[in-house]
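> I'll drop the sequence and a predicted model, then ask my questions.
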Amino acid sequence: MAKVIEQTDEPEMVEKMVKDHLNRGIVRKGHPFKNFVLSTANGTEVESRMVVLRGKENTPFILTAFTDIRSGKIEHIKNTPEVSCLFWHPSSKLQVRMSARAKIFTNDKRSREAWEKTTAFGKTAYNTIDIPGAVLSRSQWEEAELRDEMDDRFFAVLDFCVCEMDVLQLSRQGHIRAQFTYSDSGELSTSAFVIP
Ligand SMILES: Cc1cc2nc3c(=O)[nH]c(=O)nc-3n(C[C@H](O)[C@H](O)[C@H](O)COP(=O)(O)O)c2cc1C
């Protein structure tokens with residue numbers, strides 16, 4: 001796939017193109033921006049894991065993911081809402097890094113609306129009897145046992161309100177790097193090219 005950013009693009013154009021790519025990640029099967037690395041911190045501990053990009057708003061700039069409220073990342077986010085989101089597009093050689101503040105929605109209107117749109121298969125991920133990460137007693141792999149009544153009690157929506165974004169495109173014609181900051185209300189506040 002071709003380069004996403006051209007030498008002639010202005011920073012605002014770069015920002016727009018990254019947001020367009022994130023949209024494609026949500027709707028196109030197999031798009032590299034479908035998944036991203038979510039890093040959380042808890043005191044001296046930092047952990048990264050893949051999550052699926054479920055939604056995006058432009059202004060305020062917000063990314064959305066789903067999770068099980070009992071998963072380890074929730075404790076991290078409750079203690080330290082500042083997170084990092086990392087995307088990588090291999091064929092375009094495009095890295096996008098974001099610093100964001102996470103918000104958790106569970107057992108509320110927002111999580112219920114998202115739950116209604118989740119497929120039956122997707123719903124099983126949030127309905128295991130044992131909590132995510134629970135150690136199995138047998139030495140052989142066992143399928144996770146599901147609750148009889150599948151509901152949204154453990155389902156959570158995570159919103160990541162982007163504070164800063166760093167975009168790097170590697171290219172033989174010269175690497176291009178741009179940085180963006182966003183106001184508390186999520187509007188683009190500064191944009192500039194920086195030395196890669
Ligand atoms: C491609 C991929 C996509 C994933 N998507 C999600 C997701 O959307 N939400 C989620 O909670 N876990 C997702 N996971 C599992 C997480 O990476 C992680 O193993 C799990 O959430 C437990 O993490 P935690 O203990 O840090 O909370 C995904 C894993 C992979 C490999």
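Arrived safely, thanks for sending. All values derive from a computational prediction rather than experimental measurement.
> Could you use CA atoms for every contact and neighbour count after this?
OK.
> Which single strand of this protein contains the most residues?
In the chain, assigned by DSSP state E, the strand with the most residues is strand 155-169.
> Partner strands of it, with direction?
According to DSSP bridges, strand 155-169 forms sheet pairs with strand 62-68 (antiparallel), strand 94-106 (antiparallel), strand 176-182 (antiparallel).
> what about the worst-scoring helix or strand of the chain on mean pLDDT and the ligand, touching?
When each helix and strand of the chain is scored by mean pLDDT, DSSP states H and E, helix 120-124 comes last, with a mean of 93. No - Helix 120-124 stays clear of the ligand (CA under 6 Å from any ligand atom), getting no nearer than 9.8 Å.
> Can you list the neighbours in contact with that helix?
With contacts defined as CA atoms under 8 Å, 6 or more residues apart in numbering, helix 120-124 is touched by 115, 146, 150-152.
> Narrow those residues to just the buried residues.
Among those, those buried by neighbour count (16 or more other CA atoms under 10 Å) are 115, 152.
> and which of the contacts of helix 120-124 is nearest residue 42?
Nearest to residue 42 among those is residue 152, at 26.2 Å by CA to CA.
> secondary structure element for that closest one?
For residue 152, there is no enclosing helix or strand under DSSP states H and E.
> check contacts around it.
Each residue near residue 152 by CA under 8 Å, 6+ apart is listed here: 107, 112, 115, 123, 126-127.
> Output the residues you listed as a markdown table; include the columns secondary structure.
What follows is the contacts of residue 152, written out as a markdown table (DSSP: H, G, I helix; E, B strand; the rest coil):
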| residue | secondary structure |
| --- | --- |
| 107 | coil |
| 112 | helix |
| 115 | helix |
| 123 | helix |
| 126 | coil |
| 127 | coil |
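> Residues contacting the lengthiest helix in the chain, please?
Longest helix in the chain, counting residues (DSSP state H): helix 11-27. Applying CA under 8 Å, 6+ apart, the contact partners of helix 11-27 are 4-5, 31-35, 53-56, 58, 96, 178, 180, 191-193.
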